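Asks: I need the structure of the sequence given here:
(chains A, B and C)
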Amino acid sequence: MAKKKTADTQVAIVGAGIAGLEAARQLVRLGYDPVILEKSDRIGGHVADWHCLFPDMTPASRLLDDLTDATHDLRVICRANIVSAGRLGDGYNLLLQDGTSIHVRAILVATGFSLFEAEKKEEYGYGVYDKVMTNADLEHWFNTGIDARITGQDVRRIGFVHCVGSRDVKAGNAQCSKVCCITAIKQAIEMKEKFPEAEIWCFYMDLRLFGKKYEDFYIGAQRDYGIHFIRGRVSEVSENIDGKVIVKAEDTLCGKPVKVTLDLLVLMAGMVCNRDNHPLAQALGLGIDEDGYFRSKDNIASITASDRKGIFYAGAATGPKTVPETLAEARSAALDIHAYLSAQ
Amino acid sequence: MMDFGFSLAPSSAINLDTVDLSRYRKLLELEPDARICMGCGSCSATCTAAPFSGMSVRKVILGLQRGQDREVDRMLSACMLCGKCTMVCPRGINTRHLILSLCRICADGTHKEREDGR
Amino acid sequence: MIERIPGAFHPFVLPFVFGMVFVLGYCLIGMVRIFFELPREDRRRFLISLVTPKTAWKNIRDIFLNCLIHVNLWKRNRVLGYMHSSIAFGWFMLILLGHVEVMLFLPHRVRFFYYPIFFNFFVAEADATIQGQVLMFLMDFFLLMVLSGIILAIIKRFRSRVFGMRRTTRPSFLDRVGLYSLWAIFPLRLLAETFTAHISGGSFLTEPAGQLFHRFISNDMHVLPTWWAYSIALGIFMVVLPFTRYMHIPAEMLLIPMRNAGIKVRHPRKGFAKLEYYSCPNCGVCIDACPMSARKENLKDCTVYLNRQLRRGNELRIEQISDKCLLCGKCTAVCQVGVQGPELRIAQRERRAFALAPDYGGIDVAPMKAAVAGKPARVLYFAGCMTALTPSIRKATETLLQAAGIDWQQMDPDGGLCCGRPLMMAGRKEQAEQLIRKNVEIIRASGCDTLLVTCPICYRVFKESYPLEGIRVVHHSVFFEELIRDGRLPVEYTSGSYVYHDPCELGRGCGIYEEPRAALRRMGVLHEAGKHHAESICCGGSLGSLTLGFEKRKDITLNALKNLTVNGPETIVTACPLCLNTFGRYADRPVEDLAEVLVKHLKTPTI
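Replies: Numbering: from 1, shown residues only, chains lettered A, B, ... in the order given. As a prediction, the model looks like this:
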């Protein structure tokens, strides 16, 4: 049963995204008093920037509100940067950049991912052309309604480019980001609802719609929203005199090059390993996989376990994951931590 | 024996039982990365020669595995070796080397060496 | 001065005489063969250059400065420079002064060509006169000079790092024979002259040494054996010379006048190409310089190994080395002989037979001609294939042209033909010429007087191989720098700091180094990379390499980036879309084209 809270049973959670917050909620339920270390100045991670979540179009804010409500009594240290971690007794002593020292018995690494920097795919012209944005920019527009790239009702032709910075060794990220296919379909539907007159094209390499209700989403996008799917990777983007973007790809099913002139091009920037993984791995003595994500003890039965005693993982720190997968992993990690601490 | 009509009109279909893969295998010796093409079409879309000839590295690699040698030769002879396909390939295939290697392998599979440059 | 040996002959000279006759005969036949392997027009051109006073004088000067003084090596590495010039120049002076001695004192012996070499053996009391003493002094002085070089050479053989060379080549067996006999020649000469000093006379080196030896050994007994040994060492060196790296000594003396005559590599193995690879001294400077050396497994793919394999005729390795090279030209930039590694490789590639040769004859350029002829402008901008993948460069260029009020149009707004340079690099010259003819048609149809290019790869082939008389071909770095200087593109100075990366085709390829730097200095602090200008390191993205795969280029790029960032610039600036693309992938700081930097610093941004 749950132990009584003591300073000694402290667990440090690195990262205040949904993985960290969900794990914290579960640990509180189990009777612990975790401390959350967050490198930015706010909690919520990437989900805080999102508008709605597939497949039920749940507002992202609702999920976050639930999580923050359950954890608002906890100590959250923002702008935290772990400088070093030393073994101390049966736990760890974490030293932060401001000299704060925290003694914990277990650490949960929930540092998530970084969004691929779309300007690195130079040929797509992000930051060069006026009508090219990313999936994150679009969510920001859904939330705030502010974006210079979308003005008035003149958005009649929209393109979505899947796999931007995913499955691309040239972009330094060979693996699939898992969520972009369904996110593109979600965003395409949302755009179609906002601009019912618009024609929308999705340029994909393979459609990977594996999750519950994902296929329904795809069928809906085809049948109810008339979204066009073109199997071919966009290779070049240019701009015409009116500032519209011209996209060039090969329609590989037809075997012919295609071009289309668009009012808006959305790049589905993929998940890449968190840029700060390396220094953190060094401080904590953790392994890094070839893809740059943290290395689990194994990838089937012990995804949440690391090679070091008392250090656990949850969420996209070990690879691209969807929101439900992340939440499930956070709960599983909380249980693992509980079992670990109980056994000591 | 049911042959799905392949013996009636062989030219309109691909019969994997009879496809000659010798050129493809020879290519794999010279450029093993031909195996890892995922057919995304980046190379075809960016190709400088494509507008004039329908050149497509993707189709060349696929065509070799499907016995469409004549079409492959036609496309190869349009390549300008500009290197754009190599730049965009998300799998990092050395497409220029792939094309040059294929150009060296004759249709009949022999390998000629000219005695003298001039 | 007395002639000691009346018949002016002694059997010990025979090894030398044999070696000398052999090596002279070999070189003479080789030179004649190389000459006749040249195409007829090259032969004519060469002969004319020999009798043209200007080139004749240049030949003499270049041979003196390069073969004897090794000026290029001095510029690179003073110790190595001294080592080579002390041996080469010192030896040359010994031979020259030997002849002066003979002509001055015993003119009737000039016809015995071994006589000057063994002068001290054949004469007695050579130091009886003032002239004799001066000459003896000079002989000792230059012998000392050569010996100091030999000592350095021995140290270098075993501790090359002392000389700043990380890697050098491994000599072959015959190279070693040549090397050890070369090392032996001069100490043996010193001993021979020392033991003979009390008869022939000597100077500050040989005389005291002779007296010193005389105290405990009998000099007379050692006279003949040492002269024999000296002659044998000379004989061995000359007999093995044609089969060793030392062949570069005679080869370079022909290479220099042929190069001055403007002769180029036209055949992969014959004529000038053969002369080039025989001129390689196998020093291995190109190993450290080669950008591929960032990878251990490519250490043997640089030019020195190409030359070696070409001499050995190892076809498999020749093909591997020729196809792997990035053609960045750095080996030529650091080579003191100037062996043209890239040209030699392209010649090998041209030799290759393809069962299938491209043919662009069917391409109809009429629509492209009509498009450019429709709105004639003075400046025709050719973006090229690579710039299509770097829209930032194209857009920045357009903005700058607009801002400067240039009358311009783009040649390939809807895509165009390739410039032909990648085909040339791949050894498909004839096909490249087809594209060149078609592009020239389009350029002429536009009625432009300036062809602007943003890609150095295109720029080089437009400059070198396009018949575009009357049209100025200009790279954007040069064009925009001129506009800044003329005040047509006002730019602001800000606190940014930059390093400029010289693209291979623009720098070493076309000699453009200063204009992009001048432009950058007007906009911020310009740092230099560790290696820069002609010695800049290729980004690793070059189209020159046919076989290097994507993964294998990474280490090359990382090494080049390390070199660029040694002085801590905020931004890496280049002037080539391919370098931009390649560096952008791995750089830890922004990488921008010069045009992008210019747009950011424009005083009156106009769109």
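Asks: can you give me the helices in chain B?
Replies: With DSSP state H as the criterion, chain B has helices at B:22-30, B:42-46, B:50-53, B:57-65, B:69-76, B:84-88, B:95-104.
Asks: quick check, the last one touching chain A?
Replies: It refers to helix B:95-104. No: judged by Cβ under 8 Å from any Cβ of the partner chain, helix B:95-104 and chain A are separated, with a smallest distance of 12.4 Å. Every C-beta, even on glycine, is put in place using the N, C-alpha and C of the backbone.
Asks: quick one: list the elements packing against that helix.
Replies: Applying 3 or more Cβ pairs under 8 Å, 6 or more residues apart in numbering or on different chains; DSSP states H and E, one finds that helix B:95-104 contacts helix B:22-30, helix B:57-65, helix B:69-76, helix B:84-88.
Asks: pick the most buried one from the ones you listed.
Replies: helix B:84-88 (a mean of 26; mean count of other Cβ atoms under 10 Å in any protein chain shown).
Asks: what packs against that helix?
Replies: The contact analysis (3+ Cβ pairs under 8 Å, 6+ apart) places helix B:84-88 against helix B:42-46, helix B:95-104, helix C:384-388.
Asks: just say which of the ones you listed is most tucked in.
Replies: helix B:42-46 (a mean of 29).
Asks: follow-up on the earlier one: now mean pLDDT too, for the helices and strands packed on helix B:84-88, in TSV please.
Replies: Below are those laid out as TSV (pLDDT from 0 to 100):
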stretch	mean pLDDT
helix B:42-46	96
helix B:95-104	93
helix C:384-388	92
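Asks: buried ones in the host helix or strand of residue C:82?
Replies: Using DSSP states H and E, residue C:82 maps to helix C:78-105. Going by neighbour count (16 or more other Cβ atoms under 10 Å in any protein chain shown), the buried part of helix C:78-105 is C:80-94, C:97-102, C:105.
Asks: interface residues of chain A facing chain B?
Replies: Within chain A, the positions lying close to chain B (Cβ under 8 Å from any Cβ) are A:123, A:163, A:167-171, A:205-206, A:231-236, A:248-252, A:255, A:257-258.
Asks: buried subset of the residues you listed, written for ChimeraX?
Replies: The buried residues among the residues of chain A next to chain B can be selected in ChimeraX (16+ other Cβ under 10 Å) with this line:
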select /A:123,163,167,168,169,170,171,205,231,232,233,234,235,236,248,249,250,251,252,257,258
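Asks: go back to the residues of chain A next to chain B and keep what's next to chain C.
Replies: Restricting the residues of chain A next to chain B to those touching chain C (Cβ under 8 Å from any Cβ) yields A:123, A:169-171, A:236.
Asks: so what secondary structure elements neighbour the helix holding residue C:82?
Replies: Here helix C:78-105 touches helix C:71-76, helix C:119-122, helix C:130-158, going by 3+ Cβ pairs under 8 Å, 6+ apart.
Asks: between those, which one is nearest to chain B?
Replies: Checking the helices and strands packed on helix C:78-105 against chain B by Cβ to the nearest Cβ gives helix C:71-76 as the closest, at 30.6 Å.
Asks: in the stretch 151-300 of chain A, what residue comes closest to chain C?
Replies: residue A:236 (5.9 Å).
Asks: and the pLDDT for that residue?
Replies: Residue A:236 carries a pLDDT value of 93.
Asks: okay, now the unreliable bits of the chain?
Replies: With no chain named, the answer covers chain A. A:1-9 (pLDDT under 70).
Asks: actually chain B
Replies: The model of chain B has pLDDT under 70 over residues B:1, B:106-118.
Asks: chain C versus the residue nearest the centre of it, what's the distance?
Replies: Central residue of chain B (Cα atoms, centre = their mean): residue B:60, 2.8 Å from the mean position. Counting by Cβ to the nearest Cβ, to the nearest Å, the gap between residue B:60 and chain C amounts to 11 Å.
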